[in-house]
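J.: need a 3D model of the following:
(2 chains)
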Amino acid sequence: MPRTAAGRERLRTIVYSLALLAIFLGAWQALAGAGGKGGKAAGIPGPAAVAETAWHMLSDPFYDRGPNDKGFGLQLGYSLGRMMGGYLAASVVAIMLGVALGSSPALFKAANPFIQILKPVSPLAWMPLFLYTLKNAGQAAVLVIFVSSLWPTMANTAFGVASIKKDYLNVSRLLQLSWPRRFFLVILPAAAPAILAGLRISMGSAWVAIVAAEMLIGGTGVGYFVWNEWNNLALNSVIFAILAIGFVGVLLDFGLGRVAKLVAYSE
Amino acid sequence: MALLDIDHVTKFFPDPAGTGQVCVFRDVAFGVERGEFLTMVGHSGCGKSTLLNIIAGLETASAGGVVLEGREIAGPGMDRMVVFQNFSLMPWMTVTQNVRLAVRSAYGSWSRAQVDECVRRYVEMVGLAGAENKRPAALSGGMRQRVGLARAFATEPKVLLLDEPFAQIDALTRGVIQEELVRMWTASRNTVFMVTHDVDEAILLSDRIALMTNGPEARLAEVVEVKLPRPRSRADIIDEPEYARLRSHIIHFLVERSRHLQEQALAEGRGATRDLVPTH
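T.: Numbering: from 1, shown residues only, chains lettered A, B, ... in the order given. All right, here's what the predicted structure looks like:
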């Protein structure tokens, strides 16, 4: 038994966590077994079957046997590459726009109605427009990611910049800092915690959107993989993909979480 | 002619009710000589920090202007630097980085080595050697204001503006830093304009003390000379008869005359303008 209160709490967390895992696996196994012939859950693979598929997929993740048979690692790579392209471009644009909106209350008020209308639109609704203009499914998917990761970063940046303490701006005025120095040495670091919070939300919505976008465009990527395995009625692979997508999402967020720690400051 | 000339400055603020304007202070005029340490004393609300911000160029006068070396100031500039009551250090920067930001702004043509040397010298001067790589959050109030002083002195401004620099520092540390300020000022002979409501601090540091009546409608009532010999230390000056005389004069002013004079000014002001006065 750990002696400190924090230690006991940590132990309790681990026990609860293992219990939740056991309940989840048990319920899954029960559901998979209970279907019977003709039942709604018939044919749903249990944890053991999925684990076997996972083992199989992860032992050779990068093979490529034509358009309909690529290793899961390879598909993940396509998705990550596409997502990063759209996400990074959107982040740069969103931070620039956010800084502009955050530094000018009038501009913010003027742009706000438009942002409010565009924000709740699923990024996938843009897909036909992008397909029509670009005539290229891959690029259209990247643009969908761009749209999906624009708003949270922009809104958070605008908020972060608008709430920079006046003292810091006064000091940069007194020191007559040039525009680039003021931007990189004062505004960005001051708003960095808020910007990172936005980047984390954007990363999440980009990762959500990429699966759906790839289901639509087909060809490559985890989204296409899921749809393709559904067409093959390979539910083991679908369930494995769900878990793998979740796991990668956690890893991405963890990485940004580390960056957020680096830029955090206390007054 | 004085180095810094406060030329009949008046400041209005919008009325809190939004119906008109409140005159914070009116027609304030005085000069600060080269190398002089002039302190403005007054109650909260007399606009002394606002006047300091106008001199810094962070705010603008409603009427009148500020002239530095014969030129009217039209905004912030490296010839003036402020030490703030709340320190205003960049919390994401270390001690060194905070001072370096100012040094690089003041001496754009300097090499990296020159900048480093200057930063090191001023950080050492304020006794922060060993804490160079700490961020402000890891420092006490006194240490933070030492960074503020290093940052301001390092830019070698023509006029140093001190905005109640010791108000947020505990009383024991305050005395130590005040004497450090005296030492730095004696060595640099900067021209200093300070605002404070600490009478002892004003007498210890200043050549002259400007007394403001209460705001709104504050006026500059008088400027008294501090005839105590320098160098001064807290321990020495408290036994001087001149210190007691000066202190009693200023405190009487702050307790009675500053309000009495304000009432006169308000009576005049009401006749002359439609200024609204908030009730306290």
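
J.: CA only for contacts and neighbour counts going forward, please
T.: OK.

J.: near chain A, which residues of the stretch 101-250 of chain B show up?
T.: B:Ala102, B:Ser105, B:Ala106, B:Pro136, B:Ala137 (Cα under 8 Å from any Cα of the partner chain).

J.: closest to A:Ala49 among these?
T.: B:Ala137 (54.1 Å; Cα to Cα).

J.: the closest one: neighbouring residues, count only.
T.: 16 (other Cα atoms under 10 Å in any protein chain shown).

J.: determine which two of the residues of the stretch 101-250 of chain B next to chain A are furthest apart.
T.: The most distant members of these, if one measures by Cα to Cα, are B:Ala106 and B:Ala137, lying 25.5 Å apart.

J.: possible to save the residues of the stretch 101-250 of chain B next to chain A as CSV with secondary structure, pLDDT and distance to A:Asn232?
T.: Shown next, in CSV, are those (DSSP: H, G, I helix; E, B strand; the rest coil; pLDDT from 0 to 100; distance: Cα to Cα, whole Å):
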residue, secondary structure, pLDDT, distance to A:Asn232
B:Ala102, helix, 96, 66
B:Ser105, helix, 94, 66
B:Ala106, helix, 94, 70
B:Pro136, helix, 95, 61
B:Ala137, helix, 95, 59
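
J.: PyMOL command for the buried members of the residues you listed?
T.: Buried subset of those, written as a PyMOL selection, criterion 16 or more other Cα atoms under 10 Å in any protein chain shown:
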select buried, chain B and resi 102+105+106+136+137
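
J.: buried residues in the longest helix along chain B?
T.: The longest helix of chain B (DSSP state H) is helix B:171-188. Neighbour-count burial for helix B:171-188 flags B:Arg174, B:Gly175, B:Ile177, B:Gln178, B:Glu179, B:Glu180, B:Leu181, B:Val182, B:Met184, B:Trp185 (criterion: 16+ other Cα under 10 Å).

J.: as a markdown table, these with pLDDT would be great.
T.: Supplementary listing: these in a markdown table, determined by pLDDT from 0 to 100:
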| residue | pLDDT |
| --- | --- |
| B:Arg174 | 89 |
| B:Gly175 | 88 |
| B:Ile177 | 90 |
| B:Gln178 | 90 |
| B:Glu179 | 87 |
| B:Glu180 | 87 |
| B:Leu181 | 90 |
| B:Val182 | 88 |
| B:Met184 | 89 |
| B:Trp185 | 90 |
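
J.: for the closest residue to B:Thr213 other than its chain neighbours, list the residues it contacts.
T.: Closest residue to B:Thr213 apart from its sequence neighbours, by Cα to Cα, 6 or more residues apart in numbering or on different chains: B:Ser258 at 4.1 Å. In this structure, B:Ser258 makes contact with B:Met212, B:Thr213, B:Asn214, B:Ala221, judged by Cα atoms under 8 Å, 6 or more residues apart in numbering or on different chains.

J.: widest-spaced pair of those?
T.: Maximum distance among the contacts of B:Ser258 (Cα to Cα): 9.9 Å, for B:Asn214 and B:Ala221.

J.: more neighbours: which of those two?
T.: Remark: of B:Asn214 and B:Ala221, B:Asn214 carries more neighbours, 27 against 17, as counted by other Cα under 10 Å.

J.: so what's the nearest residue to that one once chain neighbours are set aside up against?
T.: Spatial nearest neighbour of B:Asn214, excluding adjacent residues (Cα to Cα, 6+ apart): B:Cys46 at 5.1 Å. Contacts for B:Cys46 were tallied using Cα under 8 Å, 6+ apart; they are B:Val24, B:Phe25, B:Met212, B:Thr213, B:Asn214, B:Gly215, B:Pro216, B:Glu217, B:Ala218.

J.: one more time with 7 Å
T.: B:Val24, B:Phe25, B:Met212, B:Thr213, B:Asn214, B:Gly215, B:Pro216, B:Ala218 (Cα atoms under 7 Å, 6 or more residues apart in numbering or on different chains).

J.: dihedrals phi and psi, it?
T.: Dihedral pair for B:Cys46: phi -80, psi -10, per degrees, to the nearest 10.

J.: now do B:Thr155
T.: Backbone phi and psi, for B:Thr155 under degrees, to the nearest 10, turn out to be phi -80, psi 0.

J.: ok, now which ones touch it?
T.: B:Thr155 touches B:Ala102, B:Val103, B:Ala106, counting by Cα under 7 Å, 6+ apart.

J.: can you lay out the contacts of B:Ser258 as CSV showing secondary structure, pLDDT and distance to A:Arg182?
T.: Formatted as CSV, those follow (three-state DSSP; pLDDT from 0 to 100; distance: Cα to Cα, whole Å):
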residue, secondary structure, pLDDT, distance to A:Arg182
B:Met212, strand, 94, 36
B:Thr213, coil, 92, 39
B:Asn214, coil, 90, 38
B:Ala221, strand, 92, 41
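
J.: ok, which residues in chain A are in contact with chain B?
T.: Taking Cα under 7 Å from any Cα of the partner chain, the part of chain A that reaches chain B is made up of A:Asp167, A:Tyr168, A:Arg173, A:Leu174, A:Leu175, A:Gln176, A:Leu177, A:Pro189, A:Tyr265, A:Ser266, A:Glu267.

J.: buried stuff in stretch A:217-234?
T.: Buried residues in stretch A:217-234 (16+ other Cα under 10 Å): A:217-229, A:234.

J.: do you know how far B:Ser49 is from A:Trp230?
T.: From B:Ser49 over to A:Trp230 the distance is 71 Å, taken as Cα to Cα, to the nearest Å.

J.: one step back: run the chain-centre distance for the helix or strand harbouring the residue nearest to B:Thr213.
T.: Using DSSP states H and E, B:Ser258 maps to helix B:258-272. Centroid separation for helix B:258-272 versus its chain: 26 Å, with Cα atoms, centre = their mean, to the nearest Å.

J.: just the CA atoms of the helix or strand bottoming out on mean pLDDT in chain B, as PDB, please.
T.: Ranking every helix and strand in chain B by mean pLDDT, DSSP states H and E puts helix B:258-272 at the bottom, with a mean of 76. Extracted in PDB, the C-alpha atoms of helix B:258-272 (Å, rounded to 0.1, in the frame of the first residue of the first chain):
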ATOM      1  CA  SER B 258      -4.900  68.900  -1.100                       C
ATOM      2  CA  ARG B 259      -8.600  68.500  -0.600                       C
ATOM      3  CA  HIS B 260      -9.300  72.100   0.300                       C
ATOM      4  CA  LEU B 261      -7.600  73.200  -2.900                       C
ATOM      5  CA  GLN B 262      -9.500  70.600  -4.900                       C
ATOM      6  CA  GLU B 263     -12.800  72.100  -3.600                       C
ATOM      7  CA  GLN B 264     -11.700  75.500  -4.800                       C
ATOM      8  CA  ALA B 265     -10.700  74.100  -8.200                       C
ATOM      9  CA  LEU B 266     -14.000  72.300  -8.500                       C
ATOM     10  CA  ALA B 267     -16.000  75.400  -7.700                       C
ATOM     11  CA  GLU B 268     -14.100  77.300 -10.400                       C
ATOM     12  CA  GLY B 269     -14.300  74.400 -12.800                       C
ATOM     13  CA  ARG B 270     -18.000  74.100 -12.400                       C
ATOM     14  CA  GLY B 271     -18.500  77.700 -13.400                       C
ATOM     15  CA  ALA B 272     -16.100  77.500 -16.400                       C
END
